[in-house]
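Peer 1: Let's see this in three dimensions:
(one chain, ligands or ions: 1)
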Amino acid sequence: KIKLKHGSHREGKRTDAIMQKWRGNGLGQFIHWGLYAIPGGEWNGKQYNGAAEWIRSWNEMPKPAYDSLIYKFNPVNFNADQWAAIAKDMGARYVTITTKHHDGFCLWPSKYTSYTVANSPWKKDIMKPLVDAYDKAGIDVILYFSIMDWNHPGWRYDIKTRADSIAFEGFKKFTRNQLIELLTMYPKAKGLWFDGTWDKSWIKQAKFADELEAEMRKLRPGLIIGSRFRADEYGKRHFDSNNVLMGDYEQGWERKLPNTIADVHGNDWDCVMTIPENQWGYNKAWKGHIKTSTELIEMTAKAVSLGGNFVLNFGPKGDGSIRDQEKRLALEIGDWMKVNNEAIYNCGYSGLEKQDWGYSTKKTRIDKIYMVVFNIPVSGAYRVKLPAKTAIAKSYLLADQNQVLKVEEVHTNEYFVYANPASQSKPFVIVLETKKKERSGENNYDKAK
Ligand SMILES: Cc1ccc([C@@H]2N[C@@H](C)[C@@H](O)[C@H]2O)cc1
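Peer 2: Take a look at the predicted model:
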């Protein structure tokens, strides 16, 4: 083990109630909203090929033209309760909302910069109505914050000269001030989701970031901070120089999912996912493959089966409305969740071997296993291998618990569960209630003693 001053300060999963609630959330909503939603990936009639929230970095987009979008921010169709209702209908149990993306525009009236909603035609705070609406809907709020800030004069990609380091000192103070300001103005927020922390300038701030994380945790006990916030003193990110996870959960799964339990190293984690291939902010033209609700439900089940959460991104339009395709997907996912959320909420890795029919999840400390089926076997037989000394007491469809299913032990601790689902077009869940296996040869007399 390398002696570290600014590495991870905790090994293993957090066991407190706030983190246990986060762990059991299963499904979340991400909101990317800001000035980038106004151009929506297009400028001067030309389409930007990158992600819409990065349009400021496009050569075709003059930086002053982007920066003056603040004078166009007037989302007359913004309705925080409607956004929260969409998340509620989808079955999301937490939401991560951009307070400030890389462009530096603040959705809250920060005292530390003029580049905020307060100086837009809208004038009003956006974060407060959002935090309150989601909180009222019973949905936990996590605040997304980009360290990289293209608008702040003190931002640097690296610290090369004395002038850089003087400028960056000012930037560090500004960053700390904004984070303390956010935690103070929105005390209901359960955590922070950091982004924009990969540049050398920030990676060199191991001591500062470590102390800032400690200050935030002291100000807000139980605050949830992921692995992307800070590097250790050797520049190691996500995992420190002793390969211990930084922060409370792994933030490495952006637009991709782990494949096996080995990939997650026994840590908490979330996967953040876009509906199109790679657009977080609103883009007028969604190109390429748009994920279907069945695909997104499968990703949710896969994430939960590997002990993580699945966080689906929505990119509201510049006027504050939500696009129809996103509303429809939220409802389709929500319809499935209404029937099957017992296999998702407060569930995790079942310990069972992966089978072709789909993913298995398990509630902690309850002898129930959920087989979330995406691939129906021609045989109608669903193979499941149980650990030794475990048997199946009963099996039924989660959607219709009166439909008790036939179970056959085909090899030691290997069973076929027979099911013919009503609809072949939607994923469904088979429940296994398990019990201790009767020791073979045990008789009632022995048990009676
Ligand atoms: C290379 C790259 C940098 C930043 C990102 C940001 N992280 C996502 C969560 C979005 O905020 C995206 O803009 C994505 C890719």
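
Peer 1: all helices of this protein, in order?
Peer 2: 17-24, 63-67, 80-90, 127-136, 162-185, 200-203, 206-219, 293-305, 324-340, 444-448 (DSSP state H).

Peer 1: Comparing those helices, which comes out most buried?
Peer 2: Burial of the helices of the chain is given as mean neighbour count (mean count of other C-beta atoms under 10 Å); helix 293-305 ranks first at a mean of 22. Where C-beta positions appear, they are placed from N, C-alpha and C, glycine not excepted.

Peer 1: quick one: that one to helix 80-90, angle?
Peer 2: Angle, helix 293-305 to helix 80-90, by axes from the mean of the first three to the mean of the last three C-alpha atoms, to 10 degrees: 80 degrees.

Peer 1: what packs against helix 293-305?
Peer 2: Applying 3 or more C-beta pairs under 8 Å, 6 or more residues apart in numbering; DSSP states H and E, we find helix 293-305 packed against strand 269-273, strand 309-314, helix 324-340, strand 347-349, strand 358-363.

Peer 1: among these, which is nearest V117?
Peer 2: strand 309-314 (19.1 Å; C-beta to C-beta).

Peer 1: Could you export the helices and strands packed on helix 293-305 to TSV, including columns for distance to T412?
Peer 2: Formatted as TSV, the helices and strands packed on helix 293-305 follow (distance: least, C-beta to C-beta, whole Å):
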stretch	distance to T412
strand 269-273	34
strand 309-314	35
helix 324-340	31
strand 347-349	23
strand 358-363	19
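
Peer 1: can you put those in CSV and add distance to W198 and mean pLDDT?
Peer 2: As requested, the helices and strands packed on helix 293-305 are exported to CSV (distance: least, C-beta to C-beta, whole Å; pLDDT from 0 to 100):
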stretch, distance to W198, mean pLDDT
strand 269-273, 16, 98
strand 309-314, 19, 99
helix 324-340, 28, 98
strand 347-349, 29, 98
strand 358-363, 31, 97
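
Peer 1: With the ligand as the reference, name the closest of these.
Peer 2: Proximity to the ligand, assessed across those by C-beta to the nearest ligand atom, is greatest for strand 269-273 (5.6 Å).

Peer 1: Centre of the chain to the closest one, how far?
Peer 2: Centroid separation between strand 269-273 and its chain, computed with C-alpha atoms, centre = their mean, to the nearest Å, is 4 Å.

Peer 1: Tell me which residue in this protein sits closest to the ligand.
Peer 2: W280 (4.1 Å).

Peer 1: Now for the closest residue to A343 other than its chain neighbours: which residues touch it?
Peer 2: Nearest non-adjacent residue to A343, counting by C-beta to C-beta, 6 or more residues apart in numbering: Y370, 3.5 Å away. If you count contacts by C-beta atoms under 8 Å, 6 or more residues apart in numbering, Y370 has them with E342, A343, C347, S350, S360, T361, K362, L398, V429, I430, V431, L432.

Peer 1: how about a cut-off of 10 Å?
Peer 2: Contact analysis of Y370 by C-beta atoms under 10 Å, 6 or more residues apart in numbering lists 301, 304-305, 340, 342-344, 347, 350, 358-363, 398, 429-432.

Peer 1: Now do the contacts for N44.
Peer 2: Taking C-beta under 10 Å, 6+ apart, we find N44 in contact with E60, M61, P62, A65.

Peer 1: Check it and give its pLDDT.
Peer 2: Per-residue confidence (pLDDT) for N44: 95.

Peer 1: related to what we said a few turns ago, I'd like the helices and strands packed on helix 293-305 as a markdown table, with distance to the ligand appended.
Peer 2: Shown next, in a markdown table, are the helices and strands packed on helix 293-305 (distance: least, C-beta to the nearest ligand atom, whole Å):
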| stretch | distance to the ligand |
| --- | --- |
| strand 269-273 | 6 |
| strand 309-314 | 8 |
| helix 324-340 | 16 |
| strand 347-349 | 24 |
| strand 358-363 | 24 |
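
Peer 1: Out of the ones you listed, which is closest to I2?
Peer 2: That would be, of the helices and strands packed on helix 293-305 and by C-beta to C-beta, strand 269-273, which comes in at 23.8 Å.

Peer 1: which parts of that closest one are buried?
Peer 2: W269, D270, C271, V272, M273 (16 or more other C-beta atoms under 10 Å).

Peer 1: Skip the chain neighbours and tell me the closest residue to the first one.
Peer 2: Just to be clear, that refers to W269. Spatial nearest neighbour of W269, chain neighbours left out: E250 (3.9 Å); criterion: C-beta to C-beta, 6+ apart.
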